[in-house]
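>>> All I have is the shape, not the residue letters:
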């Protein structure tokens, strides 16, 4: 019973914050971000985007990036078109939203370690997908780290990827999960960190 009341209170608080800050034009630095999984793309995106500053499209696998974003996982051209249409709708009503593509995530993180020799072409693939679909950046979400060496390699990748993507005027965010910690060097290179 207590947990249900707490959950209800948190939902009310988040909704209030979303409404307050999405209508407060003076507070441009406050970000209200939401994740939009490919399997939820049928929701009313126009209404949803009105209350968000940023949308993370969830998600592509590293392998689908290498394949040019056109493999079976996980977004199609129709998904990207729906999001662009919703962003235009929001722009007519208020101001635009930033749209980022998530790479990785639950069940979709396999392959981060596989491109160590092809990082440059992998990052060029990210830039290509962002340009072709009018995206503002990338959200990294590696949930398949098994060893300390993999974690160290991922941290090094985040710094390298951020430097590369910033040269292309793309935002970089990182999703962190319980037990993960970013050192200062990584935090100084990414634009945002999302706590999951």
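Looks like it came in fine. Every value quoted in this text rests on a predicted model; they were computed, and no experiment measured them. Numbers count the residues shown, from 1 in each chain.
>>> make it CA atoms for all contacts and neighbour counts henceforth
OK.
>>> How many neighbouring residues does residue 146 have?
For residue 146, the neighbour count with other Cα atoms under 10 Å is 8.
>>> can you give me the strands for this protein?
Counting by DSSP state E, the chain has strands at residues 33-37, 54-60, 98-104, 137-141, 171-176, 192-195.
>>> Could you dump those strands into TSV and include mean neighbour count and mean pLDDT?
As requested, those are arranged in TSV below (neighbours: other Cα atoms under 10 Å; pLDDT from 0 to 100):
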stretch	mean neighbour count	mean pLDDT
strand 33-37	17	86
strand 54-60	23	85
strand 98-104	25	88
strand 137-141	24	94
strand 171-176	20	94
strand 192-195	13	89
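>>> So, low pLDDT: which residues of this protein?
Applying pLDDT under 70 to the chain flags the ranges 1-28, 66-73, 109, 111-117.
>>> how does it look with 90?
1-99, 101-122, 132-134, 142-151, 153-154, 176-181, 194-196 (pLDDT under 90).
>>> List the contacts of the nearest residue to residue 75 once chain neighbours are set aside.
Leaving aside its chain neighbours, residue 75 sits nearest to residue 38 (6.1 Å; criterion: Cα to Cα, 6 or more residues apart in numbering). By Cα atoms under 8 Å, 6 or more residues apart in numbering, the residues touching residue 38 are 57, 58, 59, 74, 75, 79.
>>> Surely the fifth one and residue 59 touch.
Spelled out, that is residue 75. Yes - counting by Cα atoms under 8 Å, residue 75 touches residue 59, with 7.3 Å between them.
>>> Quick one: end-to-end distance for stretch 189-196.
20 Å (Cα to Cα, to the nearest Å).
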